[in-house]
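[1] Here's my sequence, what's the structure:
(one chain, ligands or ions: 1)
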Amino acid sequence: MTTTPHSAIIIDGVALSQKLRSEVSARVQALRARGITPGLAVILVGDSPASQVYVRNKVKGCQDCGFHSVLEKYDASLTETELLARIDALNHDPAIHGILVQLPVPKHIDATKVIEAISPQKDVDGFHVASAGALMTGLPGFLPCTPYGCMKMLESINYDLRGKHAVVIGRSNIVGKPMALMLLQKNATVTICHSATPDLKLFTQMADVIVAAVGKRNVLTADMVKPGAVVLDVGMNRNEEGKLCGDVDFEGVRQVASAITPVPGGVGPMTITMLLVNTLEAAERAENSQP
Ligand code: GUN
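    Numbers count the residues shown, from 1 in each chain. Okay, here's the model as predicted:
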């Protein structure tokens, strides 16, 4: 008798992004027909090669969907005062509906001050304290793009979170914490694990859903996963050969999980897609709040 080795469904972030982006494009066309072109301003300070790639992809995503987008690149010597002045101008610019300052910013600039300077109505990254508070209390706001993309991936496989145990590995303000709140909102029982969790495996083995968002390779291996669990990999790392890889041992875990996201081609493209969704939403809200 032969047994076929089990292999998880691969949740394809590229295909899902294409589907969602075509829906975004259609809504952009409808807005443009009413005289409004959704606009995103992306600010990059300094010349980090990784950040340059990210912002280029964000601007390209905008152009492909019919948005107006501006990329403002500044030398690393830009002062905090100068950056805050630029944000203030963009806050008052009616052609701009979303403002994104690529992080990290140089050390002499206080990232918190920068994030809080962005108008909550234009906070398409969902990083402002008003957006975080809205998520926490269940009010409408902007959801941070990466965990929002993860939720869309679960939705794409019709996964019902009610009563499920979700384990989030990582507690950043950008991914871990908002991810936990979004899972909670969908009635999952949520555990947040982090660098001070003494026995990670103890928690992950009990999980129906695992989100790995640490930024370290092989944080999650097959022995740590309950058969049939759903695994979302937010990591973006490089292996010794320089190849892009996530936080999850993909080849091992796919033998145990029922569904898994790959890296590349998983959560990454979804992050940009949700930025487009948020920017479109910001433009639609601006239209609806006009006197
Ligand atoms: N740096 C890494 N991820 C992000 C992101 O989602 N938004 C911004 N603004 N900066 C980042």
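[2] Give the helix, strand or coil label for whatever residue of the chain ends up closest to the ligand.
    As assessed by C-beta to the nearest ligand atom, the ligand sits closest to Leu103 within the chain, at 3.7 Å. C-beta here means a position set from N, CA and C on the backbone, and glycine is covered the same way. Three-state call for Leu103 (DSSP: H, G, I helix; E, B strand; the rest coil): coil.
[3] What sits closest to it if chain neighbours are left out?
    Take Leu103 and drop its neighbours on the chain: the residue closest to it by C-beta to C-beta, 6 or more residues apart in numbering is Ala111, 6.0 Å away.
[4] residue contacts, Pro144?
    By C-beta atoms under 8 Å, 6 or more residues apart in numbering, the residues touching Pro144 are Asp125, Gly126, Phe127, Ser131, Leu135, Ile174, Val175, Pro178.
[5] Farthest-apart pair in those, please.
    Greatest spatial distance among these (C-beta to C-beta): Ser131 and Val175, at 14.1 Å.
[6] Now the helix or strand containing Ala50: buried residues?
    Taking DSSP states H and E as the definition, Ala50 sits inside helix 49-64. Neighbour counts over helix 49-64 (16 or more other C-beta atoms under 10 Å) mark Ser51, Tyr54, Val55, Lys58, Val59, Gly61, Cys62 as buried.
[7] related to what we said a few turns ago, can you pull the contacts of the residue nearest to Leu103?
    By C-beta under 8 Å, 6+ apart, Ala111 lies in contact with Leu103, Pro104, Val105.
[8] Then Thr191?
    With contact set as C-beta under 8 Å, 6+ apart, Thr191 has these partners: His165, Ala166, Val167, Val168, Phe203, Ala207.
[9] In contact with the second one, which residues are there?
    Which is Ala166. Ala180, Leu183, Ala188, Thr189, Val190, Thr191, Ala207, Asp208, Val209, Ile210, Val211.
[10] Which strand or helix spans the last one?
    I take that to be Val211. Assigning secondary structure by DSSP H and E places Val211 in strand 209-212.
[11] pLDDT on that strand, on average?
    Per-residue pLDDT over strand 209-212 has a mean of 99.
[12] Show me what that strand pairs with in its sheet, parallel or antiparallel.
    Take DSSP bridges as the rule and strand 209-212 pairs in its sheet with strand 165-169 (parallel), strand 230-233 (parallel).
[13] With mean pLDDT and distance to Arg32 added, can I get those in TSV?
    Shown next, in TSV, are the strands paired with strand 209-212 (pLDDT from 0 to 100; distance: least, C-beta to C-beta, whole Å):
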stretch	mean pLDDT	distance to Arg32
strand 165-169	99	38
strand 230-233	98	34
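[14] So Leu154: helix, strand or coil?
    On the three-state scheme (three-state DSSP), Leu154 is labelled helix.
[15] Going by secondary structure, the spatially most central residue of the chain is in what exactly?
    Residue closest to the average C-alpha location in the chain (C-alpha atoms, centre = their mean): Thr146, at 1.2 Å. Taking DSSP H and E as the criterion, the element that holds Thr146 is helix 145-156.
[16] Can you list the buried residues in that helix?
    Cys145, Thr146, Pro147, Tyr148, Gly149, Cys150, Met151, Lys152, Met153, Leu154, Ser156.
[17] Among those, which ones lie close to the ligand?
    Within the set of the buried residues of helix 145-156, contact with the ligand (C-beta under 6 Å from any ligand atom) is found for Cys145.
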